[in-house]
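> pasting the structure only:
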């Protein structure tokens with residue numbers, strides 16, 4: 001085993017206001033002393049509701065979504081200087097805050113946490129995602145936080161039947177973009 005090298009750039013952790021205290025408390029309970037010394041200096045905390053992402057050409061806005069209130073559910077809208085907008089809906093069911101931002105987003109990452117036969121306002125189901133794609137044909141819809149197994153897996157719930165224009169993301173997939181707002185999803189095969 002080789003020793004880890006010191007990080008060159010601090011890790012920027014984005015969380016809700018007050019989130020640093022909660023995360024540090026959890027780390028101290030699970031891993032006492034782990035956040036002391038070099039690791040403590042290697043983390044830059046960002047508890048802002050909106051702003052710039054350090055060292056990038058991206059800005060962000062954190063917004064409330066629909067889920068169990070105790071989890072403080074939020075999504076993020078990310079905007080590149082070129083105008084490319086990525087909407088990460090977080091762990092949420094359909095809601096006005098997502099719809100308001102989806103209109104101006106080229107990429108929408110949405111969770112699909114339950115199958116159609118489960119009635120939950122806190123998660124999208126396949127029908128919700130298909131309807132979102134219909135309302136926003138200008139956007140690429142990528143599904144994550146999926147209740148079903150990956151198409152290549154043998155165990156777990158069968159993947160939902162979704163139109164070809166909606167992509168179920170899998171571990172290792174990559175979204176590549178350039179400064180002219182072009183983007184490409186590279187699937188991990």
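Received, thanks. Everything quoted here is computed from the prediction, not taken from an experiment.
> CA only for contacts and neighbour counts going forward, please
Will do.
> Can you tell me the closest non-neighbouring residue to the residue nearest to the spatial centre of the chain?
Here the mean C-alpha position of the chain is nearest to the C-alpha of residue 88 (CA atoms, centre = their mean), at a distance of 4.5 Å. Spatially, and ignoring its direct neighbours in sequence, residue 88 is nearest to residue 109 (4.8 Å; CA to CA, 6 or more residues apart in numbering).
> Outside of the top helix by length along the chain itself, list whatever touches it.
When the chain is parsed with DSSP state H, its longest helix is helix 19-30. For helix 19-30, contacts defined as CA atoms under 8 Å, 6 or more residues apart in numbering pick out 34, 35, 45, 47.
> Could you identify the buried members of those?
For the contacts of helix 19-30, a burial check counting by 16 or more other CA atoms under 10 Å picks out residue 47.
> Verify the stated contact: residue 185 with residue 170.
No: judged on CA atoms under 8 Å, residue 185 makes no contact with residue 170 at a distance of 11.3 Å.
> The two - which one has more neighbours?
residue 170 (18 against 14; other CA atoms under 10 Å).
> What helix or strand is the more buried one located in?
Assigned by DSSP states H and E, residue 170 belongs to no helix or strand.
> which residues sit in contact with the closest residue in space to residue 52 that isn't next to it in sequence?
Distances taken as CA to CA, 6+ apart place residue 59 nearest to residue 52, at 4.2 Å, with adjacent residues excluded. Residues in contact with residue 59, defined by CA under 8 Å, 6+ apart, are 50, 51, 52, 53, 78, 79, 80.
> hey, where'd the strands end up in this structure?
For the chain, the strands defined by DSSP state E occupy 11-14, 43-46, 50-52, 58-64, 74-80, 85-88, 107-111, 140-144, 166-168, 174-177, 183-186.
> re the thing from before, return the member of the contacts of helix 19-30 nearest to residue 142.
residue 47 (26.4 Å; CA to CA).
> Run through the residues that contact that closest one.
Applying CA under 8 Å, 6+ apart to residue 47 gives the contacts 14, 15, 16, 17, 18, 19, 20.
> now with 6 Å?
When contacts are counted by CA atoms under 6 Å, 6 or more residues apart in numbering, residue 47 touches 14, 15, 16, 17.
> ok, now how distant is the residue nearest to residue 52 from residue 125?
Counting by CA to CA, to the nearest Å, the separation of residue 59 from residue 125 is 29 Å.
> do residue 35 as well
Relative to residue 125, residue 35 is positioned 39 Å away (CA to CA).
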